[in-house]
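In: Sharing a model prediction with you, sequence too.
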Amino acid sequence: MTVTDSDLIEAFVNTLHRHPGAGDEESLPDAGAVRQWLTDHGVAVVGRVESADLEHAVELREALRTLLLANNGLDVATAPAWRVVDEAARRARIELRFQHGVPELVSTAPGLDGALGRIVAAVQAMIATGGWPRLKACRAGDCHWAFEDVSKNQSRAWCSMSSCGNREKARTFRRRRVDSA
């Protein structure tokens with residue numbers, strides 16, 4: 001299965017699904033689930049995945065979510081998030097390799113750190129190709145679902161107008177009515 005860089009990042013961030021008013025659904029509850037998720041998304045995991053590795057995966061996921069919120073214009077602290085991505089790259093021992101004369105970043109570490117390096121390399125590739133700003137997380141505080149903004153002017157703010165967008169517009173409308181009364 002071939003997964004694009006943007007699809008991989010989106011899917012990884014969306015392993016935590018927030019359901020407004022109904023709680024969160026965690027797709028990575030343990031190390032085995034992380035291994036299975038990575039395998040299902042075309043990322044090879046060489047070697048053992050320990051329970052302690054789960055913390056690295058969740059930390060990277062939430063750092064990426066923060067960066068995608070920043071891409072959507074939210075005022076969030078990105079420096080700590082970039083440090084997490086940088087540390088994940090170090091643990092993954094990412095190296096530049098040339099496959100048939102084409103440069104690519106490859107993770108050389110075993111285990112989960114090496115597999116997470118594939119996601120870090122996807123971030124670098126998105127930045128290098130100019131696609132990174134199109135990856136966003138929904139502005140709704142009870143959602144933060146990752147999506148790729150394919151609108152012409154890159155102004156999409158919500159994961160879906162039918163859910164988060166409509167809820168936010170209704171909230172804004174009610175606030176205006178109360179303020180004007």
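Out: It's in.
In: what's in contact with stretch 57-67?
Out: 9, 12-13, 15-16, 28, 34, 76-78, 80-82, 84-85, 88, 112, 116, 119-120, 123, 137, 144, 146 (CB atoms under 8 Å, 6 or more residues apart in numbering). (Each C-beta comes from the backbone N, C-alpha and C, glycine too.)
In: can you give me the offset of that stretch from its chain's centre?
Out: Here stretch 57-67 is found 6 Å from its chain centre; the criterion is CA atoms, centre = their mean, to the nearest Å.
In: what comes up buried for that stretch?
Out: Under the neighbour-count criterion of 16 or more other CB atoms under 10 Å, stretch 57-67 has 57, 59-61, 63-67 buried.
In: what does stretch 3-17 give?
Out: Judged by neighbour count using 16+ other CB under 10 Å, the buried positions of stretch 3-17 are 3, 5-6, 8-16.
In: which two of the residues you listed lie the greatest distance from each other?
Out: Spatial extent of these (CB to CB) is set by the pair Asp5 and Leu16 at 19.9 Å.
In: If you tally nearby residues, what's the number for Cys159?
Out: The tally of other residues near Cys159 (other CB atoms under 10 Å) stands at 20.
In: residues touching it, list them.
Out: If you count contacts by CB under 8 Å, 6+ apart, Cys159 has them with 138, 140, 143, 145-147.
In: Make sure it is indeed in a helix.
Out: No. With DSSP: H, G, I helix; E, B strand; the rest coil as the criterion, Cys159 is coil rather than part of a helix.
In: before we move on, the earlier item: switch the buried residues of stretch 3-17 over to TSV; also include secondary structure and distance to Ala157.
Out: Shown next, in TSV, are these (DSSP: H, G, I helix; E, B strand; the rest coil; distance: CB to CB, whole Å):
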residue	secondary structure	distance to Ala157
Val3	coil	26
Asp5	helix	23
Ser6	helix	18
Leu8	helix	23
Ile9	helix	19
Glu10	helix	16
Ala11	helix	21
Phe12	helix	21
Val13	helix	16
Asn14	coil	17
Thr15	coil	22
Leu16	strand	20
